[in-house]
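# I need the structure of the sequence given here:
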Amino acid sequence: MNDEFNKKLNQLVSDFMNSYQKKECIIPQYYGPLPNRDEVIDITKSLRQLLFPGYFGKLSFEDETTEYHIGDMLISVHRKLSDQISSALMHQLVKSQESDGKLTGETIKTKANKIVEEFLGKLPMIREYLATDVQAAFDGDPAAESKEEIIFSYPGIFAISIYRIAHELYLLSVPLIPRIMSEYAHNITGIDIHPGATIGKRFFIDHGTGVVIGETTTIGDNVKIYQGVTLGALSTRGGQTLRGVKRHPTLEDGVTVYSGASILGGETVIGADAVIASNAFITKSIPDGTKVIVKSPELLLKGKEQTI
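Here you go, the predicted structure:
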């Protein structure tokens with residue numbers, strides 16, 4: 001490298017360092033280390049191995065070492081997840097400027113360990129819920145050859161399994177990590193489920209691409225939705241002032257929502273066993289058992305004197 005390049009390089013380094021001093025330039029290290037996104041994704045993959053043994057990774061029930069492998073994986077997940085939660089909690093604490101000087105890295109680590117222990121205790125329950133989701137997918141899709149096919153390949157099950165993991169961490173008030181997990185699933189499947197949503201058993205997302213389920217959505221049991229469905233807010237212009245307010249709809253038990261439908265608003269309730277047709281736009285509550293049908297649009301055939 002010549003002297004001219006070195007001079008420009010030194011100036012560029014100086015410019016970066018000056019930029020890093022400005023809070024508005026999004027420099028997370030100002031508040032302390034963040035969780036490692038790649039590590040969080042690896043933990044998520046390990047958790048899916050525990051939830052679906054024999055399908056992903058090396059964990060199976062084919063030999064006498066199964067208990068050893070389960071224990072080994074749980075120890076590994078405990079250690080790695082505790083480290084990531086510790087970073088997330090410390091970052092949140094420093095950023096909020098609520099530290100009273102008594103909290104230390106050691107107390108944060110103790111808190112993280114307790115959270116992980118409580119979370120790991122939820123895994124058998126998550127497996128039970130996922131078993132109902134897989135069954136719902138099999139029962140609801142005539143193209144499904146087997147439950148194995150569904151677990152291996154259906155994007156809806158992939159997204160739901162990660163949602164159910166992230167949701168339990170969300171309920172334990174873990175910052176950052178639940179959303180990292182849910183966005184990992186979103187990136188792969190095109191299905192965006194906020195970890196704060198509340199979703200019952202036997203939930204089936206068919207096809208799935210473009211599905212959006214907002215943070216304060218409540219979904220009952222035996223609900224089925226198709227690709228392109230949005231369960232969203234009427235407006236987010238209020239920004240952070242709307243935090244904690246129910247902004248997204250409620251779908252009661254047995255609801256079916258077909259592709260492209262949008263159901264919006266925190267006061268909107270879709271009653272039990274209602275059916276919402278494709279491309280419907282709903283901002284008001286629908287009674288139990290109602291079928292909402294969108295009137296077919298008039299199609300004009302260019303160059304012809306007829307309509308369809």
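
# Low-confidence ranges, the stretch 101-250 of the chain, go.
The model of the stretch 101-250 of the chain has pLDDT under 70 over residues 101-104.

# what about the strands in it?
Counting by DSSP state E, counting those that start in this stretch, one finds strands in the stretch 101-250 of the chain at the ranges 192-193, 198-199, 204-206, 212-213, 218-219, 224-226, 230-232, 250-251.

# ok now the fourth one, how far from the chain's centre?
Yep, that's strand 212-213 we're talking about. Relative to its parent chain, strand 212-213 has a centroid offset of 9 Å by CA atoms, centre = their mean, to the nearest Å.

# What of the second one?
Strand 198-199 sits 11 Å away from the centroid of its parent chain (CA atoms, centre = their mean).

# who touches it?
160, 163, 164, 167, 193, 213, 217, 218, 219, 223 (CB atoms under 8 Å, 6 or more residues apart in numbering). (Each C-beta comes from the backbone N, C-alpha and C, glycine too.)

# By neighbour count, which of those wins?
residue 193 (29 neighbours; other CB atoms under 10 Å).

# what sits against that residue?
By CB under 8 Å, 6+ apart, the residues touching residue 193 are 159, 160, 163, 182, 185, 186, 199, 211, 213.

# Next, format those residues as JSON lines and append distance to residue 132.
Converted to JSON lines, the contacts of residue 193 look like this (distance: CB to CB, whole Å):
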{"residue": "159", "distance to residue 132": "16"}
{"residue": "160", "distance to residue 132": "10"}
{"residue": "163", "distance to residue 132": "14"}
{"residue": "182", "distance to residue 132": "20"}
{"residue": "185", "distance to residue 132": "19"}
{"residue": "186", "distance to residue 132": "23"}
{"residue": "199", "distance to residue 132": "11"}
{"residue": "211", "distance to residue 132": "19"}
{"residue": "213", "distance to residue 132": "18"}
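
# In helices, which of the residues you listed appear?
159, 160, 163, 182, 185, 186 (DSSP state H).

# The first one and residue 205 touch, don't they?
It stands for residue 159. Yes. Under the criterion of CB atoms under 8 Å, residue 159 makes contact with residue 205 at 6.7 Å.

# more crowded one of the two?
residue 205 (28 against 24).

# so what's the closest residue to that one other than its chain neighbours up against?
Once flanking residues are discounted, residue 205 sits nearest to residue 156: 3.4 Å by CB to CB, 6 or more residues apart in numbering. Residue 156 is in contact with 137, 189, 191, 204, 205, 206, 207, 208, counting by CB under 8 Å, 6+ apart.

# What about these, which one has the most neighbours?
In terms of neighbours by other CB under 10 Å, the contacts of residue 156 top out with residue 205 at 28 neighbours.

# any idea how far that one is from residue 21?
As judged by CB to CB, to the nearest Å, residue 205 and residue 21 stand 45 Å apart.

# next one: residue 159
40 Å.

# Tell me if I'm right that residue 289 and residue 256 touch.
No. Look at residue 289 against residue 256 with CB under 8 Å: they stay out of range, at 11.6 Å.

# Quickly list the domain ranges of the protein.
Domain assignment for the chain by automatic domain parsing gives 1-26, 32-191, 210-308.

# How far does the lengthiest helix in the chain sit from its chain's centre?
When the chain is parsed with DSSP H, its longest helix is helix 66-96. Distance of helix 66-96 from its chain centroid, counting by CA atoms, centre = their mean, is 19 Å.

# residues touching residue 202, list them.
Per CB under 8 Å, 6+ apart, neighbours of residue 202: 132, 133, 135, 136, 221, 222, 223.

# Residue 55 now?
Residue 55 sits in contact with 49, 148, 151, 152, where contact means CB under 8 Å, 6+ apart.

# Out of those, who's the most crowded?
Sorting those by how many neighbours each has (other CB under 10 Å) puts residue 151 first, at 22 neighbours.

# thought that one was touching residue 134?
Yes. Assessed by CB under 8 Å, residue 151 is found in contact with residue 134 at 6.1 Å.

# Give me the common contacts of the two.
In contact with both residue 151 and residue 134: residue 157, using CB under 8 Å, 6+ apart.

# So the residue most central in space within the chain versus residue 171, what's the distance?
By CA atoms, centre = their mean, the mean C-alpha position of the chain lies nearest to residue 182, the distance being 2.8 Å. Distance, residue 182 to residue 171, by CB to CB: 14 Å.
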